[in-house]
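Student: structural data only, the sequence is not supplied:
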């Protein structure tokens, strides 16, 4: 299958592009390296030393003989994306090419506006390009479980049957997103539903949970293929962040009560879910929604798991409860359905101690790249202007690391 | 009360600004004249000869002694809107300053992207400016009943209690908008709900129905105060359009079966609803939703009412069923609640024969300004690129008008 992975130089995108290439698909990566640019802006970098895309692709070709084409440009530039599609002639578009950090979108007005315009216009451009050139091509769009918020009822997969005053209808599940980023995905979802109905397009909205892990079978083949591992307060997702914190002896940063419960999945399941969506397209005119996660945990549960795993490795891991910089329920009901991808054949990699060990070992291996001044939250949801130019000094001690973590790696 | 009317040079905005001024409020108009610019772009003009804003405001001051200040600029320009707010110090912001035509948003990709970016960024700017400078100021935002679409259940005012699997919550009513314009208002609504929750702002989302009429007590005082009357296929709303068509002997353009049912209201109720919202602000942190309409009709019912009214005036009014250029249900269940504004004291002006007569008489009075080539729909929802540069010739005959319509006006 001819599959374009938009945002294929990013965290989920890179792992997905390699996986699909290994599985025999003809893959193209479309990226403008915004993600690398945001690191420069924030003075942050991935824990792992990722290589330029051209090096990554050359290494992949040398190792496997598989060619992945690359198109460098911006999805918000319609001429570029239209020309790319006409040249590559995709059967599926996998769209990761959005600004994906909630804290980034909450820095200030400029970042909020950028996030919503960038994400909404990018997706609108894809919908128009599909309508104009490849109406049969399947759009697989990364949404987020965060679109639903934390309602006091079970969360269904995209749609809910509502009985009201003696009548009944199947309607889009109500959305209560908790940041301008999450809202941008809500906007995308509404635009996609309409475009599928008006133009007979076919789309899958993957409402993904929080992804953890960094290694996949493909990225592990050579250090030049290594994937991103974000541990900073803006782009680092919670479990990866905790593992990095534990590895360098920084207290785990639990926001508020820690009862915030979310859906989680291993990056090895992200790539498989995307393939399952590609291989099982919806009919024309259908905007299908999958909840893409495998387990749900509260933030405090995760912190305690990381603490226990650290303890086994001889690390003393403290849990530090900080005032929640976000506006969110710190304790709430949460029960989100996630059966559709399982029905298509997903065999989940559940969160295990060995995965936690491996994440901590990676953090230990690259610990000299960790800047501990990037760990504490500095984007406050309640403040419309979070000035990040003044950075706290890196005074939080990086504890000396003992042998066990590294030893464990050697024995793994 | 100090009230800023954003988009105060437009159809609803102008009537609202004058009404609020007459009721003793201190009013400022904020506008960048986009609406007049779109007329130039489309080669259209309002049926009624509206004056420049400066003339309008001078006339109003001469007649009433009331000064309405004006700030000329774009809501998407944050520096402008922040400076305007700091100077005017509003207690309420009434936000009409959006691109409000569904067909305009469906012309092509550029118009879709413009509509969504313009509307979403404008509202984001207001939310940030309120948070930064006047968190106590009340945002009254014009939404649309079109956000809900046509679900097979009763439409509530903004929120619905959902019982599901033995649990219950009050959640935002699911949205199924039918154009990129309507979707832009859905996006605004989600952004507003979040900002109220995160920042403790107070907002009212007025999901307005289709407005008809042109005269209010205020605009009728002098021809220099006359309001817009749009009859063209892009900006003309259905009842005003039908009256103009009837007046010049053009068959009424009913799209499809005509069973499309919507909520409607007289522009004299629009202005009162806005004042009621201003006078009864929600609490801090509340994003309140009112469904702002007074009666619901199907398009075919309206056409038949206009036909009957025309017949009384001696006009032969044909009804022409055209293929529906929109993607929408042509027959459907529709029952939308609209009690909250009534509870606050709204006394509706229900649609009457005399109103229809008066609309037709206005159309007759200014008939030489009607360009009949602008009547037939040329924006097809199913087409991603509606080229409007080639216009059909104005070959549809403008029937000679007999005395009765004019006579009727004299006797009114």
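Tutor: Looks like it arrived, so ask away. Fair warning: this is a prediction, and the values are worked out from it, not measured in the lab.
Student: chain A: helices as residue ranges?
Tutor: A:11-22, A:34-42, A:53-64, A:78-88, A:102-105, A:109-133, A:180-199, A:238-247, A:267-279, A:299-312, A:340-343, A:353-365, A:403-411 (DSSP state H).
Student: quick one: contacts for the closest residue to chain B within the stretch 201-350 of chain A?
Tutor: Closest contact between the stretch 201-350 of chain A and chain B, by CB to the nearest CB, is at residue A:327 (4.4 Å). From N, CA and C alone the C-beta is placed, and that goes for glycine too. By CB atoms under 8 Å, 6 or more residues apart in numbering or on different chains, residue A:327 lies in contact with A:178, A:381-382, B:197-198.
Student: stretch A:188-197 near chain B anywhere?
Tutor: Yes. Interface with chain B: stretch A:188-197 contributes A:190-191, A:193-194, A:197 (CB under 8 Å from any CB of the partner chain).
Student: before we move on, back to that, between the helices of chain A, which gets nearest to residue B:185?
Tutor: Closest approach to residue B:185 among the helices of chain A (CB to CB): helix A:180-199, 10.4 Å.
Student: helices or strands up against the closest one?
Tutor: Packing partners of helix A:180-199 (3 or more CB pairs under 8 Å, 6 or more residues apart in numbering or on different chains; DSSP states H and E): helix A:102-105, helix A:109-133, strand A:138-144, strand A:167-172, strand A:202-208, strand A:287-292, helix B:109-133, helix B:180-199.
Student: reformat these as JSON lines; add distance to residue A:35 and mean pLDDT.
Tutor: As requested, the helices and strands packed on helix A:180-199 are arranged in JSON lines below (distance: least, CB to CB, whole Å; pLDDT from 0 to 100):
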{"stretch": "helix A:102-105", "distance to residue A:35": "11", "mean pLDDT": "98"}
{"stretch": "helix A:109-133", "distance to residue A:35": "12", "mean pLDDT": "98"}
{"stretch": "strand A:138-144", "distance to residue A:35": "13", "mean pLDDT": "98"}
{"stretch": "strand A:167-172", "distance to residue A:35": "30", "mean pLDDT": "98"}
{"stretch": "strand A:202-208", "distance to residue A:35": "16", "mean pLDDT": "98"}
{"stretch": "strand A:287-292", "distance to residue A:35": "20", "mean pLDDT": "98"}
{"stretch": "helix B:109-133", "distance to residue A:35": "22", "mean pLDDT": "98"}
{"stretch": "helix B:180-199", "distance to residue A:35": "24", "mean pLDDT": "98"}
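Student: looking at the ones you listed, which is nearest to residue A:32?
Tutor: helix A:109-133 (10.3 Å).
Student: contacts only, for residue A:328.
Tutor: A:150, A:178, A:256, A:260.
Student: what about 10 Å?
Tutor: If a contact means CB atoms under 10 Å, 6 or more residues apart in numbering or on different chains, then residue A:328 has A:102, A:146, A:149-150, A:178-179, A:255-256, A:259-260, A:381, B:197-198 as its contacts.
Student: from residue B:202, how far off is it?
Tutor: 21 Å (CB to CB, to the nearest Å).
Student: wait, residue A:18 sits on residue A:8?
Tutor: Yes. Between residue A:18 and residue A:8 there is a contact at 9.2 Å, judged by CB atoms under 10 Å.
Student: picking up where we left off before, turn the helices and strands packed on helix A:180-199 into a markdown table, including mean neighbour count and distance to residue A:306.
Tutor: Output for the helices and strands packed on helix A:180-199, formatted as a markdown table (neighbours: other CB atoms under 10 Å in any protein chain shown; distance: least, CB to CB, whole Å):
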| stretch | mean neighbour count | distance to residue A:306 |
| --- | --- | --- |
| helix A:102-105 | 24 | 20 |
| helix A:109-133 | 22 | 29 |
| strand A:138-144 | 26 | 23 |
| strand A:167-172 | 16 | 36 |
| strand A:202-208 | 26 | 21 |
| strand A:287-292 | 25 | 23 |
| helix B:109-133 | 22 | 35 |
| helix B:180-199 | 25 | 29 |
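Student: returning to what we had before: any chance of the contacts of residue A:327 in CSV, plus distance to residue A:285?
Tutor: Listed next are the contacts of residue A:327 as CSV, based on distance: CB to CB, whole Å:
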residue, distance to residue A:285
A:178, 31
A:381, 38
A:382, 42
B:197, 35
B:198, 36
